[in-house]
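Asker: Model the structure of this input:
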Amino acid sequence: MNLENMFLLQKVLKARIAFRFFCAMAMVLILGQVAVDVAAAHEEPEYLIKFATIVPDGSPWAKHITKVKERIEKESKGRIKSKIYLAGTLGGEVEMVRSLRRGRIQAFGGTTAAVAEATGIPELQALELPYLFDSLEEADYILDNVVFEDFQKILNKKGFYLAYWHENGWRNFATKKIEINKPSDLRKLTMRSQESSIHLAMWRALGAQAEPISTPEVMVSLMDGMVDGFDMTPVFTVYYGWYQEIDHYAVSQHMYQPAVILYSLEFFNSLPKDLQKVLIGDPKKEMAWGRKAVREMNESLLQKFNDKGIKVNRLTEGERAAFREKLLPLHKDFEKVVGRELLEKIYAGKKEFASKSKSK
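Answerer: Residues are numbered from 1 along each chain as shown. Sure, this is the predicted structure:
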C-alpha cells in the first residue's frame with residue numbers, strides 16, 4: 001500500500017470513528033431528553049387550580065393568595081399546583097364567578113356582592129346592607145359564628161364550596177372636586193357603583209346618579225369624566241390607583257364589605273379526602289391572617305392620601321347619622337329579597353355579640 005492510499009485509509013477510518021462517536025453522543029442526548037421528559041411527566045400535578053381574582057399584584061390580598069398557594073403545594077407534596085390570575089386578567093368579578101360555576105376556573109376570591117349578582121344568590125346581599133355592622137369585631141363574630149354554616153349550605157346548592165371569609169373592609173366616599181359631608185352633596189354627582197342590586201339601591205337612596213362599572217374599567221371612567229367618584233376601601237383605592245383621580249376622601253364607613261374564597265364544589269369533591277383537608281387548611285388561621293393584613297394598612301393609607309394632596313374628611317357621628325337615616329330603610333326594602341329569617345338571625349347575632357362584649 002502506497003503512502004497516498006494509507007493516508008486515504010486513515011481518513012476513512014477517522015471519519016467512521018467520528019461518525020460512530022457522533023451517533024453515540026446523539027443517542028446519549030436523546031436518551032437524556034427522554035429521561036428528562038419522563039421525570040417531568042412524573043412531576044406533573046394530579047390537580048391544577050386556576051385561581052382568579054381582581055386584586056392587584058403587591059396588595060395584601062395577592063400576598064395572602066400566594067401564601068395559600070405555597071402552603072397547598074407544599075402540604076400536598078406537589079400533587080396540587082396553582083396558577084393565580086390577578087388584577088382582573090380573566091375579566092370582572094361577575095364574569096369570574098360565572099367562569100367558576102362553569103368549571104373554567106377552580107377558585108375565586110372576591111366580594112360577596114359579585115357572587116350574589118353572578119349566581120342569583122340574593123341572601124349574600126344581606127351582608128352588604130349599609131350600616132349593618134357597627135364594628136369590625138361585630139362583623140367577624142357574625143360572619144364566623146352566626147351565618148357561616150348557613151352560607152356554606154346556600155353556596156353548596158349553587159355549586160360552590162366556601163373555604164373562608166376574607167375582607168375588603170369599610171367602604172367610604174371618594175370624589176373629585178366636591179367634598180362629601182352630607183347625603184345631599186351626592187345629588188350633584190354621578191358615582192361609580194359596583195355591579196350589584198344593593199349597591200345601586202344605596203346610591204338611589206342617597207339621591208346620586210349611579211353607573212354600574214366593573215372594576216377593570218373604573219380608572220378609565222374616572223379619567224374621562226364619566227363618573228365623579230366612587231365608594232371603596234382605602235386599601236383597594238390605593239392598590240388600583242384610583243386615588244390618582246380624586247380630591248376628597250370622606251371616611252363614612254357606610255358599608256362593611258366581606259369577601260369570600262370559593263372553590264368549585266365539583267372540583268373540591270373530585271379531590272381525595274386528604275387533599276380536601278390540605279385545600280381547606282385552617283380556616284380560622286387564614287381568616288385572621290387575611291383580615292389583619294388588610295386592617296393594619298388602613299391608617300397609613302389615609303395618611304398617604306393626605307400626603308398626595310387628597311383631603312381626608314372623617315365624618316362625625318352626627319354626619320354619619322344623617323347617612324344612616326337615609327340608608328337604614330334599605331334593610332326593610334331588601335327583607336323579601338334576602339329573607340327575613342336570615343336578617344333576624346343577623347340582628348340576633350348583633351345582640352348576642354353586644355351582650356358578650358359587655359360581660360368581658
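
Asker: Identify the residues contacting the residue nearest to residue 136 when sequence neighbours are not counted.
Answerer: Excluding its sequence neighbours, the residue lying closest to residue 136 (Cβ to Cβ, 6 or more residues apart in numbering) is residue 295, at 6.8 Å. For the C-beta atoms, the positions are set from N, CA and C on the backbone; glycine is no exception. Applying Cβ atoms under 8 Å, 6 or more residues apart in numbering, we find residue 295 in contact with 136, 167, 169.

Asker: quick one: strands adjacent to the helix or strand residue 260 falls within?
Answerer: Using DSSP states H and E, residue 260 maps to strand 248-264. Paired neighbours of strand 248-264 in the sheet (DSSP bridges): strand 107-111 (antiparallel), strand 160-175 (antiparallel), strand 311-314 (parallel).

Asker: Show me where the stretch 151-300 of the chain has its helices.
Answerer: 197-205, 218-223, 234-239, 265-270, 273-280, 283-295, 298-307 (DSSP state H, counting those that start in this stretch).

Asker: now do the stretch 1-150 of the chain
Answerer: So, for the stretch 1-150 of the chain - with DSSP H, counting those that start in this stretch - the helices run 3-43, 60-75, 93-102, 112-119, 136-141, 148-157.

Asker: And these, which one averages the lowest pLDDT?
Answerer: Lowest mean pLDDT within the helices of the stretch 1-150 of the chain: helix 3-43, at a mean of 42.

Asker: any idea how far residue 337 lies from residue 124?
Answerer: As for residue 337, its distance to residue 124 is 11 Å (criterion: Cβ to Cβ, to the nearest Å).

Asker: Between these two, point out the one with more neighbours.
Answerer: Set side by side, residue 337 and residue 124 show more neighbours around residue 124, with 25 against 14, by other Cβ atoms under 10 Å.

Asker: Could you report the neighbour count for the nearest residue to that one once chain neighbours are set aside?
Answerer: Spatially, and ignoring its direct neighbours in sequence, residue 124 is nearest to residue 116 (3.8 Å; Cβ to Cβ, 6+ apart). Counted with other Cβ under 10 Å, the burial measure for residue 116 works out to 24 neighbours.

Asker: Ok, residue 243 next?
Answerer: With other Cβ under 10 Å as criterion, residue 243 counts 19.

Asker: excluding its backbone neighbours, what's nearest it?
Answerer: Per Cβ to Cβ, 6+ apart, closest to residue 243 is residue 237, 5.1 Å.
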